[in-house]
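1. here is a sequence with its predicted model. Questions after.
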Amino acid sequence: MDIKISIYKTIPFLALAPGFAACSHISTEKEARPNIVLIFLDDAGWSDFQPFAETRYPTPNVRQLAEEGRMFNNFYVPQAVCSASRAALLTGCYPERVGLFGAHAPRQRGLDPGFMTMGEMLQETGYKTAFFGKWHIGDHPDTRPPERGFDESAGIMYSNDMWADHPENPEYWGQFPLQYWENGEIAIDSITADHQTYFTTWFTEKSVDFINRHKDEPFFLYLPHPQPHVPLFVSDKFAGKSGTGLYGDVIMELDWSVGEIMNALKENGVDENTMVIFTSDNGPWLSYGNHAGKTPYRGEKGTSFDGGIRSPLIIKYPGQIEAGTVSHDAFFSIDFMPSISFLTGAPLPDYEIDGKNVWDLIAGREGSVNPHLYYGFTMNRNFEGVISSDGKWKLHLPHNYRYPARGGTEGQAGVYIQKSIDTALFDMVHDPYEKVNVLEEYPEIANQLIRYAEEHKEKFFNNPGPGR
């Protein structure tokens, strides 16, 4: 695979300014507005797909997507948990602004309807919109997909493990049948294991059908697959195919899904005017051992180390993003909404959001810089630190975190122990695995990040206002 590596931008951290780089606006005429396809996996590990790592099973379609687009090696989510990550992606806001933390249980209301979703933003400007997969940001009539900006929808309202077969406390989870919804109506009242084997296929087929029917108008397809979140399920066509066990089979089927989407775009003649985004909500759930993905970074899902909040990302947009390239620029998922607003001409909400337009950074425009001063990250309601906007420095505030002392097997969870970290500064260029605390070696940088952290805490945690 011939991937060209871009030079890492060594902009002095203290000199970064909040202003935007010069942009040349993409045309927003109806026929020129790009389609958006957003593929969002659940708990996928950084090293689960080629070319992010050399896996023991093939993932040719994700590899091809990278060859036709750009890999991003420093892409983050602000919280490494399902609901918080999804809300941040769709609203352009930190979890602490919208008040949605952690993973919501069945029947919870979820995201406040006062916060616009990306679906609503694009729907209001004439896009046809669809959601197929796992929602998990609201399970009340006014917080499910049809009321949150999606013309078509099908899927589950919360995680696929929140059912009576949950390996821990099944009596509790059994109170809430896992339902399958289509366009605001319950299509299957209680999901079984057999149903789950079809999830990846069903959501892929619905996505292809949606593309086929809307090729002549701008569309937004949001495809948040429930897999590879435990419990793992795979269709008969991929069972045993990887030769590495069930997890490899699941990843191969997800790779197949990517291929089906790419083929549908090309066959319908809309490939050249479609931006495809492929990423994950957070890192792998290492407690599940051989039913979890892999990451080279410290930590996992549910922690603020890079194993939790750094996700693999590929973006393809022919003519706008150079094919076969790799970016080391840092940005967060909250930046997608304002960047897509810029590309499509769809107006942002009339209240403050936390993301910023980083399109020039994504497209690799010469001289582009990140308009943020810093990014904050949390775990549940705990504010745990900040990352410099160039991705070079990461400051952890004192906090506890879970550590998988023993991994589980065959779908059973392992054993966690609690650990803690004191105030720590990591050089993410030379130490991306967060091993060596350089707080004492770089006091000026540490103090600057501490000031940003104090400002963030004051704004969102000490003096919360409406919507926080």
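-> Nice, thanks for sending it over. Numbers count the residues shown, from 1 in each chain.
2. what sits against M116?
-> With contact taken as C-beta atoms under 8 Å, 6 or more residues apart in numbering, M116 is in contact with 91, 149, 348-349. C-beta coordinates here come from the backbone N, C-alpha and C atoms, glycine included.
3. taking the residues you listed one by one, which sit in helices?
-> Among the contacts of M116, the residues falling in helices (DSSP state H) are T91.
4. need the max-distance pair from the contacts of M116.
-> G149 and L348 (13.7 Å; C-beta to C-beta).
5. tell me which of those two has more neighbours.
-> Neighbours were tallied for G149 and for L348 using other C-beta atoms under 10 Å; the higher tally belongs to G149 (22 against 17).
6. for the more buried one, list the residues it contacts.
-> 116-124, 129.
7. need these in JSON lines (columns: distance to N380).
-> Formatted as JSON lines, the contacts of G149 follow (distance: C-beta to C-beta, whole Å):
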{"residue": "M116", "distance to N380": "24"}
{"residue": "T117", "distance to N380": "22"}
{"residue": "M118", "distance to N380": "24"}
{"residue": "G119", "distance to N380": "26"}
{"residue": "E120", "distance to N380": "26"}
{"residue": "M121", "distance to N380": "27"}
{"residue": "L122", "distance to N380": "30"}
{"residue": "Q123", "distance to N380": "31"}
{"residue": "E124", "distance to N380": "32"}
{"residue": "T129", "distance to N380": "30"}
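8. ok, of those, which come out buried?
-> Buried by 16 or more other C-beta atoms under 10 Å: 116-123, 129, out of the contacts of G149.
9. for these, which one is nearest P170?
-> Nearest to P170 out of these is T117 (C-beta to C-beta; 32.4 Å).
10. check contacts around that closest one.
-> By C-beta under 8 Å, 6+ apart, the contact list for T117 reads 90-91, 111, 148-149.
11. now it, what are its backbone angles?
-> Backbone torsions for T117, taken as degrees, to the nearest 10, come to phi -100, psi 160.
12. what sits closest to the residue nearest the centre of the chain if chain neighbours are left out?
-> Centroid-nearest residue in the chain: D281, 3.4 Å away (criterion: C-alpha atoms, centre = their mean). Nearest-residue entry for D281: S85, 4.2 Å, with adjacent residues in sequence omitted and distances by C-beta to C-beta, 6 or more residues apart in numbering.
13. which stretch of helix or strand covers the one you found?
-> helix 82-91 (DSSP states H and E).
14. helices or strands next to that helix in the packing?
-> Packing partners of helix 82-91 (3 or more C-beta pairs under 8 Å, 6 or more residues apart in numbering; DSSP states H and E): strand 35-41, helix 95-98, helix 118-123, helix 336-344.
15. ok now that helix, how far from the chain's centre?
-> 8 Å (C-alpha atoms, centre = their mean, to the nearest Å).
16. what's the angle between that helix and helix 336-344?
-> If you take axes from the mean of the first three to the mean of the last three C-alpha atoms, to 10 degrees, helix 82-91 sits at 30 degrees to helix 336-344.
17. now the angle from helix 82-91 to strand 35-41?
-> With the same axes, to 10 degrees defining the directions, helix 82-91 sits at 170 degrees from strand 35-41.
18. got the CA positions of helix 82-91 in PDB?
-> Coordinates of each C-alpha in helix 82-91 appear next as PDB, following Å, rounded to 0.1, in the frame of the first residue of the first chain:
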ATOM      1  CA  CYS A  82     -21.000   4.900  24.300                       C
ATOM      2  CA  SER A  83     -23.700   7.500  24.900                       C
ATOM      3  CA  ALA A  84     -21.300  10.400  25.700                       C
ATOM      4  CA  SER A  85     -19.200   9.700  22.600                       C
ATOM      5  CA  ARG A  86     -22.300   9.500  20.300                       C
ATOM      6  CA  ALA A  87     -23.900  12.700  21.700                       C
ATOM      7  CA  ALA A  88     -20.600  14.600  21.200                       C
ATOM      8  CA  LEU A  89     -20.300  13.400  17.600                       C
ATOM      9  CA  LEU A  90     -23.800  14.300  16.700                       C
ATOM     10  CA  THR A  91     -24.000  17.700  18.600                       C
END
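19. and for it, what's in contact with it?
-> Residues outside helix 82-91 that contact it (C-beta under 8 Å, 6+ apart): 38, 40, 42, 77-79, 93-95, 98, 100-104, 110-111, 115-119, 134-137, 159, 222, 224, 229, 281-282, 332-334, 336-337, 353, 378, 380.
20. stretch 120-132 too?
-> With C-beta under 8 Å, 6+ apart as the criterion, stretch 120-132 contacts 30, 33, 36, 119, 145, 148-155, 202-203, 206-207, 210, 214, 217-224, 337, 340-341, 344-349.
21. now, these that are in strands?
-> Those of those mapping onto strands are 36, 152-155, 219-223, per DSSP state E.
22. any chance of these in CSV, with neighbour count, pLDDT and distance to G411 too?
-> Shown next, in CSV, are these (neighbours: other C-beta atoms under 10 Å; pLDDT from 0 to 100; distance: C-beta to C-beta, whole Å):
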residue, neighbour count, pLDDT, distance to G411
I36, 24, 98, 34
E152, 20, 98, 32
S153, 24, 98, 28
A154, 20, 98, 25
G155, 26, 98, 22
F219, 24, 98, 36
F220, 27, 99, 34
L221, 28, 99, 30
Y222, 28, 99, 28
L223, 25, 99, 24
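23. let me know the closest of the residues you listed to R56.
-> Nearest to R56 among those: L223, at 25.8 Å, using C-beta to C-beta.
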